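Novice: Compute the structure for the input listed below.
(one chain, ligands or ions: 2)
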Amino acid sequence: MKTYTNVKDLGDLKAAVAEALEIKKNRYAYKHLGENKTLLMVFFNSSLRTRLSTQKAGMNLGMNTIVLDVNQGAWKLETERGVIMDGDKTEHLLEAIPVMGCYCDIIGVRSFAQFESKEYDYNETIINQFIKYSGRPVFSMEAATGHPLQAFADLITIEEYKKAKRPKVVLTWAPHPKALPQAVPNSFADFMNDADVDFVITHPHGYELDEKFVRGARVEYNQDKALAGADFVYAKNWAAYTDPNYGQILSKDRSWTVSTEKMALTNNAYFMHCLPVRRNMIVTDDVIESPQSIVIPEAANREISAQVVLKRMLENL
Ligand SMILES: CCC[C@H](NC(=O)CCC(=O)O)C(=O)O
Ligand SMILES: NC(=O)OP(=O)(O)O
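Specialist: Ligands and ions are numbered 1, 2, ... in the order given. A predicted model of the protein is given here:
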């Protein structure tokens, strides 16, 4: 594995989940793979789970780890080529990236959508420069259009908790005070479309995701209808994707908040969210604290999804 930015990079999903569950049983069995190898994690945005779980996964594999918060302590980086650098940006990404590549064997990158240009975001301008110029295997720790480590952990969790052979999984939009990226729902949809689940997406009009990720999945604008009989409810906010509203908040309608009444429409569904979550916007206190909430084991599986990816990259160095 040279890059991990989307579901296709994992190959056969059933095999990937089987490998994950094997690693979960004995996560220290591959320490030899990472001996004298260094993992560099580059964050352009904040993180708790990704930072901790990915570093833990690297240590499980015997790796040395370095974490760089680009906006805290490193030089302010210019990311656009051709810009006259006479402003407040000290270094260009085109020097910084190959230099980073000198100090590590594998690079993880977090760089959220900036919502200034759909083309800039959906061309994955930042992470693709790491892929092109670092000289190292690169994996996404959430880029502009996807969060494949999260979605892989979500799939592992669904496989662990499902009661039906082909569970109904509902991705529901929920309100949020800020304009959030489409990365998490994009990757979740991408993975669910390749998994053996009955997948439904529900959101208000205007919040349609990129068809590249929806891939013909059923979209239901009536949340109650979508939730009927669900086995898993995956809640997430995202800003509008469709022009001319790219990056905009179109609704903060809290009737879309996942409540006990909403969960009562389901087949005693498990509640999932990638975290961090805005309580009583996305989901009520009662639901996220209920026995049906599996957000903590879901977060714990981030260590495992990262370890599968790092293991496969180490095996191909
Ligand atoms: C894993 C999720 C990361 C990010 N979440 C946020 O930026 C939340 C920010 C906030 O709630 O203020 C997102 O929605 O993509
Ligand atoms: N779910 C997730 O990626 O969390 P962080 O943003 O805290 O890393």
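Novice: which element is the most far-flung residue of the chain relative to its centre on?
Specialist: Distance from the C-alpha centroid of the chain, by CA atoms, centre = their mean, peaks at Asp86 (35.2 Å). For Asp86, there is no host helix or strand (DSSP states H and E).
Novice: Give me the neighbour count for Cys102.
Specialist: 9 (other CB atoms under 10 Å). To be clear about C-beta, it is placed using only N, CA and C from the backbone, and glycine gets the same treatment.
Novice: do you know how far it is from ligand 2?
Specialist: Here Cys102 is placed at a distance of 26 Å from ligand 2 (CB to the nearest ligand atom, to the nearest Å).
Novice: Check that residue and give its pLDDT.
Specialist: Note for Cys102: predicted pLDDT of 98.
Novice: Buried residues in stretch 95-104, which are they?
Specialist: 96-97, 100-101, 104 (16 or more other CB atoms under 10 Å).
Novice: Export those residues as a markdown table, with columns for secondary structure and distance to Thr125.
Specialist: Formatted as a markdown table, those follow (DSSP: H, G, I helix; E, B strand; the rest coil; distance: CB to CB, whole Å):
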| residue | secondary structure | distance to Thr125 |
| --- | --- | --- |
| Ala96 | helix | 15 |
| Ile97 | helix | 12 |
| Met100 | helix | 17 |
| Gly101 | helix | 18 |
| Cys104 | coil | 21 |
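Novice: so what's the residue nearest to Ala183 when sequence neighbours are not counted up against?
Specialist: Distances taken as CB to CB, 6 or more residues apart in numbering put His147 closest to Ala183, at 4.6 Å, once the chain neighbours are dropped. If you count contacts by CB atoms under 8 Å, 6 or more residues apart in numbering, His147 has them with 140, 183-184, 186-187, 274.
Novice: Counting neighbours, which of those comes out on top?
Specialist: Ser140 (29 neighbours).
Novice: how much space is there between that residue and ligand 1?
Specialist: In this view, Ser140 and ligand 1 are 12 Å apart by CB to the nearest ligand atom.
Novice: do the same with Lys76
Specialist: Counting by CB to the nearest ligand atom, the gap from Lys76 to ligand 1 is 21 Å.
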